[in-house]
Structure formats: C-alpha cells, structure tokens
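>>> For reference, the sequence and a predicted model appear below.
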Amino acid sequence: MSKDQPQNMAHTSKSPSITLRFMAAPTDVVQPDMHGVSGGRVLEWIDKAAYACAVSWASTYCVTAYVGHIHFTKAIPSGHLVEVRSKIAMTGRSSMHIVNEVYSADPREGVFTRACDCLVIFVAKDPATGRATPVPSYVPETEEEKRVEEAARMRIDLRGAIQTEMEKQSYDGPSEAPRLVTRFLAKPTDVNWGGKVHGGTAMEWIDEAGVACSMEWSGEHTVAVYAGGIRFYQPIAIGDLIEVDARIIRTDARSMQMSVHVRAGDAHRGRAELETAIHATVTYLAMDVDNRPLPARQFTPRLESDVRLAEHAQVLRDLRAKYAPIPLVTPVTPNHVD
C-alpha cells in the first residue's frame with residue numbers, strides 16, 4: 001500500500017475480519033487449582049489476532065496503542081479449543097479500532113461460547129521511518145457493522161475523559177497500599193515482528209503482577225474480570241530492564257481494583273532512568289475452589305496519596321457510568337450460547 005493512498009479509499013481486496021484458533025494447554029493455566037486459562041494468556045491471544053487483522057488491512061507493520069473495555073465473562077478450561085474473532089469497527093487516519101471476541105469449546109462437542117470481549121486500537125507504522133502512516137478507510141455496510149462503528153466511536157470521548165483524569169494523578173509519595181514490584185530483562189523470545197516486545201507479552205506481565213499482588217493481599221486465588229484500559233506509551237526493546245509495579249488502589253465488597261505500571265529503559269542506566277511504557281487498570285476477584293467469588297479483603301486508605309488514588313478509582317468508574325456507550329458486542333445472558 002502506498003503511503004499516499006487517499007484516506008477515503010475503501011479497502012476492497014481484503015477482509016476486515018480474521019479468526020485465529022488456539023488450543024488451551026495446561027501451561028496456560030497459571031494457578032493449578034483454578035479452572036481456567038490466565039487472563040494474561042487470553043490477552044496475548046487477543047493481541048495476536050488483532051495484530052493479524054490490523055496488518056492484513058493496513059498492509060504494513062502495526063503497533064498496539066490501546067486495549068480496553070475487557071470483559072472476562074467465562075473461564076476457559078485447559079483442553080478447550082479457543083477462537084479469537086477480530087474485526088475492524090472503524091478506522092481513523094492511521095488507526096484501526098478492532099473488536100475482538102474470544103470463544104471456547106470442548107473440541108469433542110464443538111459448541112463455542114463467548115469467554116471474553118474487548119477493543120484494541122492499532123496504529124499503522126512506516127517500517128522505514130517508524131512514523132504513523134495512513135490506512136485505507138473502513139466503510140461499514142450492514143446495520144450491525146454500522147452499530148458497531150457507532151459503539152466504537154462513542155468510546156473516543158470516554159477514553160479522552162479518562163485520559164484527562166489519569167494525567168492528573170501522581171503515584172509517588174508515601175503509601176500503605178498493597179503493592180508488588182518485579183524486575184527482569186526483556187528476553188529475545190519476547191520480540192514481535194517489528195523487533196520490539198510484543199504487546200500481548202507485556203499484557204501477560206501485567207496480569208501476572210496483578211494476580212500475584214491481589215493473591216498476596218487476599219490470601220486466595222484471584223482472577224481478572226475487567227480491565228478498563230491498557231495504554232501503550234512507548235515501545236520496549238529487547239534487553240531493556242523492565243519494572244512491573246502493581247498496587248491496589250481501591251477495594252469494594254468483592255472486587256480489588258489494581259493499577260499496574262510497566263516501566264522500561266536501558267539496563268545499563270539503572271532504575272532511575274526507567275520510563276513508563278504501559279499503564280493499566282485491572283479489576284480482580286478472589287475465587288473459591290468452585291470458582292465462585294469471595295468477599296474481598298478490605299484496604300482502607302489512610303495516607304493522603306492512597307486516599308486520592310481511591311477517589312480517582314471511583315471517578316473512573318463514574319465516568320464509565322456517565323458515558324455508558326452502547327455495547328460493542330451483544331451482551332451475553334445467562335445460559336446464552338453464541
């Protein structure tokens with residue numbers, strides 16, 4: 001595709017959707033006593049499918065810019081066949097908003113049920129310069145495609161309001177919040193097709209840190225049930241020193257809301273030179289052995305910085321309720337099979 005291709009040119013030669021299949025293996029279940037694949041592994045699969053969809057449409061290298069509105073609605077057991085169905089909802093000048101639905105089925109039965117859905121935004125890049133490059137316009141045709149495009153468009157204002165609120169916050173200062181910090185080097189096996197750390201791999205780091213922190217605090221197995229947004233600010237290079245900093249900022253009757261920062265930088269320069277590469281907010285539940293939610297151990301903030309972040313978490317929740325955009329996909333009802 002030429003860099004100078006008109007933005008209003010509809011893409012006619014390729015499909016705006018793709019489906020990838022994976023087999024859920026025992027190694028995908030991080031907590032042996034739990035019934036399902038880790039949220040981080042599911043996010044990795046989503047990122048791979050969405051990347052394939054984006055690159056197929058743009059005909060050039062693409063990077064993950066945002067992952068949000070992630071709803072984990074059903075556990076995926078080891079041994080299940082997993083389908084990730086990714087389709088373009090709308091395009092901007094260089095961006096592609098991709099709706100992703102994850103289904104799983106016992107391969108002996110072949111009945112697929114939805115386990116997760118989310119929105120991923122990719123930006124097309126010129127491989128030679130690394131700069132954003134235009135993508136062909138996606139023009140919805142059916143009523144359902146138009147509805148999904150409108151749902152994606154409605155989320156732009158919500159993301160802007162949340163981003164403005166998040167930029168006001170500082171995560172420095174004294175804190176008593178439950179917290180877990182891990183550090184390691186980005187390995188060559190983490191590389192994507194552009195030579196940087198794969199977005200799906202980074203999301204798996206986020207979930208692993210969130211699970212570990214919430215488990216340490218609650219004393220129970222925990223699972224991710226919702227992620228309001230994962231924002232990618234800068235690429236991570238192989239060999240970088242990585243710091244994943246997870247802290248609980250608010251608890252409710254059952255849920256634990258987590259803020260996770262991924263910081264990265266040249267390992268030779270040390271921790272002082274690390275910069276924020278990714279920031280995520282993820283909600284976890286403690287679960288019993290039958291995969292039923294348990295009451296959350298409560299964290300009561302006392303220090304000013306902890307109180308402020310707990311209030312910030314409530315503001316984010318209120319913003320989502322205020323904008324209340326129409327669903328990107330048809331909501332799953334009890335006993336519903338898609």
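Here it is on my side, so go on.

>>> Pull out the buried residues from stretch 219-233.
Neighbour counts using 16 or more other C-beta atoms under 10 Å place 220-232 of stretch 219-233 among the buried residues. Placement of C-beta: from N, CA and C, glycine included.

>>> Sorry, slip of the keys, the one I care about is stretch 42-62.
42-62.

>>> Helices - which of the residues you listed land there?
42-58 (DSSP state H).

>>> just checking, Glu83 touches Leu20?
Yes: between Glu83 and Leu20 there is a contact at 7.4 Å, judged by C-beta atoms under 8 Å.

>>> Name the SS class of Ala209, please.
The assignment at Ala209 comes out as helix when based on DSSP: H, G, I helix; E, B strand; the rest coil.

>>> Report the separation between it and Asn100.
23 Å (C-beta to C-beta, to the nearest Å).

>>> again with Ser56
Distance from Ser56 to Asn100, by C-beta to C-beta: 14 Å.

>>> Likewise for Val148?
Counting by C-beta to C-beta, the gap from Val148 to Asn100 is 12 Å.

>>> Comparing these two, which residue is more hemmed in?
The neighbour comparison of Val148 against Asn100 (other C-beta atoms under 10 Å) goes to Asn100, with 25 against 22.

>>> could you say what helices and strands the strand or helix carrying the more buried one packs with?
Here Asn100 sits within strand 95-105, counting by DSSP states H and E. When contacts are defined as 3 or more C-beta pairs under 8 Å, 6 or more residues apart in numbering; DSSP states H and E, strand 95-105 packs onto helix 39-58, strand 81-91, strand 113-124, helix 143-167.

>>> Out of those, which gets nearest to His268?
helix 39-58 (28.5 Å; C-beta to C-beta).

>>> quick check: angle from that closest one to strand 95-105?
130 degrees (axes from the mean of the first three to the mean of the last three C-alpha atoms, to 10 degrees).

>>> how about the helices of the stretch 201-338 of the chain, start to end?
Taking DSSP state H, counting those that start in this stretch to define them, one finds helices in the stretch 201-338 of the chain at 304-323.

>>> Pass me the low-pLDDT residue ranges in it, would you?
Scanning the stretch 201-338 of the chain for pLDDT under 70 picks out 331-338.

>>> what about the strands in it?
Along the stretch 201-338 of the chain, the stretches classed as strands by DSSP state E, counting those that start in this stretch are 221-232, 241-251, 255-265, 275-287.

>>> out of the ones you listed, nearest to Asp190?
It is, among those and with distance given as C-beta to C-beta, strand 241-251, at 9.2 Å.

>>> elements contacting that closest one?
Against strand 241-251 (3+ C-beta pairs under 8 Å, 6+ apart) you get strand 179-185, helix 199-218, strand 255-265, helix 304-323.

>>> any chance of these in JSON lines, with mean neighbour count too?
Converted to JSON lines, the helices and strands packed on strand 241-251 look like this (neighbours: other C-beta atoms under 10 Å):
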{"stretch": "strand 179-185", "mean neighbour count": "14"}
{"stretch": "helix 199-218", "mean neighbour count": "24"}
{"stretch": "strand 255-265", "mean neighbour count": "23"}
{"stretch": "helix 304-323", "mean neighbour count": "16"}
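
>>> Any chance of the ones you listed in TSV with distance to Phe122 as columns?
Below are those laid out as TSV (distance: least, C-beta to C-beta, whole Å):
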stretch	distance to Phe122
strand 179-185	26
helix 199-218	9
strand 255-265	18
helix 304-323	23
